[in-house]
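fold the following for me, if possible:
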Amino acid sequence: MSDDLALLRAEAGIRQLYARYADAVWRKDGASFVDCFAEDAVWKIAGRTVRGRDEIGALFLASLEPSERVMFWAGIPLLEVSGDTATGRTQVTELIKRKDGTSLRSLAIYYERFVEQQGAWRLQWHHFDLFYLGPPDLSGNFLDARDYGPPPGFPGPDDPTPVPVR
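Here you go, the predicted model:
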């Protein structure tokens with residue numbers, strides 16, 4: 001398969017992965033969310049690192065507990081593909097309606113490793129760098145998050161993820 005065709009195939013599969021991911025977030029569907037991850041995946045978010053689908057599912061449900069709804073949007077993933085694996089970075093935003101009536105917006109970048117398994121692309125390593133968490137009108141302060149430079153700049157396995165101060 002040509003490099004161009006492999007990139008197009010991976011990009012289409014990873015866009016579908018993000019469509020499944022966003023749908024699971026909106027519906028608060030833990031089973032569908034963890035199906036977006038490889039069995040031995042790592043998710044790094046808000047100063048935490050969880051491994052495997054069980055831990056990922058538990059963190060997902062706990063993270064959504066204070067929220068009435070979360071609308072998640074993923075930008076177009078910037079990918080480098082090699083066979084059935086890919087690395088990428090994806091800009092994401094969320095609109096969050098809390099059960100207490102407050103609202104938040106997040107702006108972040110996911111640095112990722114993807115793997116194609118059983119006919120579907122899944123997240124193998126998912127590193128969340130949060131740049132903003134505050135009022136939806138962006139009137140809050142931006143967080144200090146490391147800039148890894150242009151692609152293929154990428155966090156190391158031990159690089160921390162920013163923790164919002166609330």
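
just checking: what are the partner strands of the stretch of helix or strand F72 belongs to?
Using DSSP states H and E, F72 sits within strand 67-74. Strand pairing for strand 67-74, determined by DSSP bridges: strand 85-98 (antiparallel).

buried ones in the strand it pairs with, by neighbour count?
Neighbour-count burial for strand 85-98 flags 86-90, 92, 94, 96 (criterion: 16 or more other Cβ atoms under 10 Å). To be clear about C-beta, it is placed using only N, CA and C from the backbone, and glycine gets the same treatment.

packing partners of whichever helix or strand comes after it?
Going down the chain from strand 85-98, the next helix or strand is strand 103-117, by DSSP H and E. Other elements packing on strand 103-117 under the criterion 3 or more Cβ pairs under 8 Å, 6 or more residues apart in numbering; DSSP states H and E are helix 3-27, strand 85-98, strand 120-134.

can you list the strands that strand 103-117 pairs with?
Here strand 103-117 has these sheet partners by DSSP bridges: strand 85-98 (antiparallel), strand 120-134 (antiparallel).

could you check how far the strand holding F72 is from the centre of its chain?
Offset of strand 67-74 from its chain centre (Cα atoms, centre = their mean, to the nearest Å): 12 Å.

with just CA atoms, put that strand into PDB.
Output in PDB follows, covering the C-alpha atoms of strand 67-74 (Å, rounded to 0.1, in the frame of the first residue of the first chain):
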ATOM      1  CA  SER A  67     -21.100  17.000  35.000                       C
ATOM      2  CA  GLU A  68     -24.600  17.000  33.600                       C
ATOM      3  CA  ARG A  69     -23.200  16.900  30.100                       C
ATOM      4  CA  VAL A  70     -19.900  17.200  28.200                       C
ATOM      5  CA  MET A  71     -19.700  18.000  24.500                       C
ATOM      6  CA  PHE A  72     -16.300  17.000  23.200                       C
ATOM      7  CA  TRP A  73     -14.900  18.100  19.900                       C
ATOM      8  CA  ALA A  74     -11.700  16.900  18.300                       C
END
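
which residues are contacting that strand?
Residues outside strand 67-74 that contact it (Cβ atoms under 8 Å, 6 or more residues apart in numbering) are 18, 21-22, 25-26, 64, 90-99, 110.
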